[in-house]
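# only geometry, no sequence info:
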């Protein structure tokens with residue numbers, strides 16, 4: 001039976017109508033519950049400008065935040081998925097801390113076939129609780145002091161690398177330079193591996209790091225598709241990274257663990273903790289697979305280098321545009337080092353109070369993570385309201401918007417480290433660069449010391465100024481996983497006399 005043009009048009013129209021009604025079938029969700037919010041569009045919900053790569057997710061949410069800032073929360077749609085955006089700091093505190101048992105995870109769709117998917121960032125529930133408790137000891141104060149000593153060795157290599165770059169008369173891509181430094185730090189401190197990212201352009205770990213966080217519209221669509229159709233993605237075997245990158249990482253971790261076991265090497269770092277988990281798996285009520293261990297190592301590697309390198313580069317950008325703050329920080333660094341005969345340590349870094357203020361202001365103004373997501377596992381009555389959210393409700397907390405709200409930070413686009421002097425008091429939930437509550441960033445203190453040491457390495461040797469290619473203000477990369485500048489952070493480093 002042959003179909004005529006008319007019949008084909010009818011079938012196509014029917015399919016398109018079915019898709020249309022499917023995409024809008026949830027769009028009365030918030031209205032039915034009596035929750036205000038912007039009107040969604042078919043297929044894209046309220047995310048249209050983000051889906052087409054016009055603006056970043058934090059910019060889109062910030063626009064909604066400012067239009068509806070008199071509300072405690074609003075209902076929006078990620079495509080056809082209802083999402084509650086919370087703009088009340090007190091309610092944010094309840095969600096992240098007091099009522100954590102109702103919002104224990106991010107609700108991420110995990111592809112069981114993806115070897116690196118079951119990492120500490122993505123998993124929820126009992127498995128997360130067990131793995132978090134097993135991994136937490138790596139970040140005790142005692143362990144951090146030991147790791148800072150290892151970081152300082154990497155600082156010396158970083159300084160030599162920068163002097164070579166500046167000596168050749170180049171404008172320095174500060175984000176790439178910082179990423180090489182933090183890649184070497186995470187290699188030394190967490191894995192006991194010399195990743196050699198500073199000295200070799202073909203460092204495999206640095207190549208993988210670039211692939212993880214490189215921005216492209218294709219990767220953006222892939223991420224959105226994985227969230228919208230997780231079952232189909234599992235069916236076709238779609239993974240978060242290329243197979244060769246996954247295999248390299250899994251094999252490297254396996255070989256490192258086997259080498260230490262064979263040679264009876266102990267470093268008390270992440271790899272040793274993973275070895276202990278494997279040895280004592282009879283104490284855990286779920287299977288400890290090679291992929292599960294590799295996934296934890298992978299997320300430590302990815303988060304350990306990227307967020308800190310972004311923070312270092314943005315801090316240098318802000319200081320290049322604020323020379324008074326830069327000179328004040330440099331004076332503190334040089335004075336503190338002089339007092340300790342040029343030596344650095346965990347305790348000496350802690351003496352640098354203005355350095356801490358500069359870092360906190362960078363994490364306020366240019367926080368790598370501009371959004372927190374949580375998902376409910378049971379019905380939740382919103383305090384001081386008659387509204388009960390159903391099980392499975394997705395919550396978005398617009399960290400970037402809190403950080404740029406003039407109600408909490410007057411003149412928010414001005415870089416002002418004095419906001420974080422000891423006398424300033426503000427609601428704790430309006431400064432969330434590492435999240436808060438039980439599911440906050442496990443490596444936040446590691447990231448802070450790594451970032452501070454990176455800044456010390458640069459500022460004790462160089463004066464940082466904008467280059468001809470420095471864009472002011474920078475344009476946010478709409479396709480990047482973390483806050484990034486489209487053109488990179490290209491600055492001029494002038495050696496100090």
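Good, I have the coordinates. These figures come from a predicted structure and were not determined experimentally.
# check contacts around residue 204.
residue 248 (C-beta atoms under 8 Å, 6 or more residues apart in numbering). Glycine gets a C-beta too; all of them are placed from N, C-alpha and C.
# State the phi and psi torsions of it.
For residue 204, the backbone dihedrals are phi -60, psi -40 (criterion: degrees, to the nearest 10).
# Could you do residue 463 as well?
Torsion angles, degrees, to the nearest 10, at residue 463: phi -100, psi 130.
# Just give me the neighbour total for it.
Counted with other C-beta atoms under 10 Å, residues neighbouring residue 463 total 18.
# Quick check: it vs residue 329, distance?
Distance from residue 463 to residue 329, counting by C-beta to C-beta, to the nearest Å: 12 Å.
# any shared contact partners between those two?
Contact with both residue 463 and residue 329 is made by no residue, according to C-beta under 8 Å, 6+ apart.
# so is residue 470 in a helix, a strand, or just coil?
Classification of residue 470 using DSSP: H, G, I helix; E, B strand; the rest coil returns coil.
# nope, residue 85 is what I meant
Strictly by three-state DSSP, residue 85 counts as strand.
# Stretch 444-452: which residues count as buried?
Neighbour-count burial for stretch 444-452 flags 446, 447, 448, 449, 450, 451, 452 (criterion: 16 or more other C-beta atoms under 10 Å).
# centre of the chain versus that stretch, how much separation?
Once both centres are worked out by C-alpha atoms, centre = their mean, to the nearest Å, stretch 444-452 turns out to sit 14 Å from its chain's centre.
# which residues touch that stretch?
Contacts of stretch 444-452 (C-beta under 8 Å, 6+ apart): 139, 144, 147-148, 151, 182, 185, 189, 304, 307-308, 311-312, 315, 346, 349, 352, 355-356, 359, 434, 441.
# what residue lies at the spatial centre of the protein?
The structure's the chain has its C-alpha centroid closest to residue 369; by C-alpha atoms, centre = their mean the separation is 4.6 Å.
# Does it touch residue 307 like I think?
Yes. If you go by C-beta atoms under 8 Å, residue 369 and residue 307 touch, sitting 7.1 Å apart.
# residues shared between the contacts of those two?
Common contact partners of residue 369 and residue 307 (C-beta under 8 Å, 6+ apart): residue 482.
# ranges for the strands of the stretch 1-150 of the chain?
73-78, 81-86 (DSSP state E, counting those that start in this stretch).
# Could you pull up phi and psi at residue 490?
phi -100, psi 110.
# which helix of the chain spans the most residues?
helix 290-321 (DSSP state H).
# Just after that one, pick out the following helix or strand.
helix 323-339 (DSSP states H and E).
# Could you list the buried residues of the helix or strand just after that following helix?
Following helix 323-339 in sequence order, the next helix or strand is helix 346-350 (DSSP H and E). Neighbour-count burial for helix 346-350 flags 346, 348, 349 (criterion: 16+ other C-beta under 10 Å).
# excluding its backbone neighbours, what's nearest the last one?
Distance criterion C-beta to C-beta, 6 or more residues apart in numbering; nearest residue to residue 349, sequence neighbours excluded, is residue 452 at 5.5 Å.
# swap in residue 27?
By the measure of C-beta to C-beta, 6+ apart, the closest residue to residue 27 outside its immediate chain neighbours is residue 40, 4.9 Å from it.
# need the contact list for that neighbour.
24, 27, 46, 76, 77.
# Out of those residues, which one has the weakest pLDDT?
Note: of the contacts of residue 40, the lowest pLDDT belongs to residue 24, at 83.
# Looks like that one contacts residue 42 (just checking).
Yes. Between residue 24 and residue 42 there is a contact under C-beta under 8 Å: 5.2 Å.
# in the stretch 101-250 of the chain, which ranges drop under the pLDDT threshold?
Applying pLDDT under 70 to the stretch 101-250 of the chain picks out residues 169, 197, 202, 213, 215-241.
# would you list every one of the helices in it?
125-135, 141-167, 174-186, 204-213, 217-228, 230-236, 243-263 (DSSP state H, counting those that start in this stretch).
# any chance of these in TSV, with distance to residue 116 too?
Shown next, in TSV, are these (distance: least, C-beta to C-beta, whole Å):
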stretch	distance to residue 116
helix 125-135	14
helix 141-167	23
helix 174-186	16
helix 204-213	10
helix 217-228	14
helix 230-236	15
helix 243-263	6
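# Just name the most buried of those helices.
By mean neighbour count, with neighbours taken as mean count of other C-beta atoms under 10 Å, helix 174-186 ranks first of those at a mean of 26.
# Which residues does that one contact?
Under the contact criterion C-beta under 8 Å, 6+ apart, helix 174-186 has outside partners 150-151, 154-155, 157-158, 161-162, 165, 194-198, 203, 205-206, 209-210, 300-301, 304-306, 308-310, 312-313, 316-317, 450, 454, 457, 484-485, 488-491.
# if I read this right, residue 465 contacts residue 491, doesn't it?
Yes. Taking C-beta under 8 Å as the definition, residue 465 is a contact partner of residue 491 at 6.8 Å.
# what's the overlap in contacts for these two?
Counting by C-beta under 8 Å, 6+ apart, the residues touching both residue 465 and residue 491 are residue 320.
# Between the two, which is the more surrounded one?
Higher neighbour count among residue 465 and residue 491: residue 491, with 25 against 15, using other C-beta under 10 Å.
# what secondary structure does the more buried one sit in?
strand.
# any idea how far it lies from residue 178?
Taking C-beta to C-beta as the measure, residue 491 falls 11 Å from residue 178.
# joint contacts of these two?
In contact with both residue 491 and residue 178: residue 316, using C-beta under 8 Å, 6+ apart.
# and the gap between the residue nearest to residue 48 when sequence neighbours are not counted and residue 394?
The shortest distance from residue 48 to any non-neighbouring residue, by C-beta to C-beta, 6+ apart, is to residue 41 (5.7 Å). According to C-beta to C-beta, residue 41 stands 19 Å off from residue 394.
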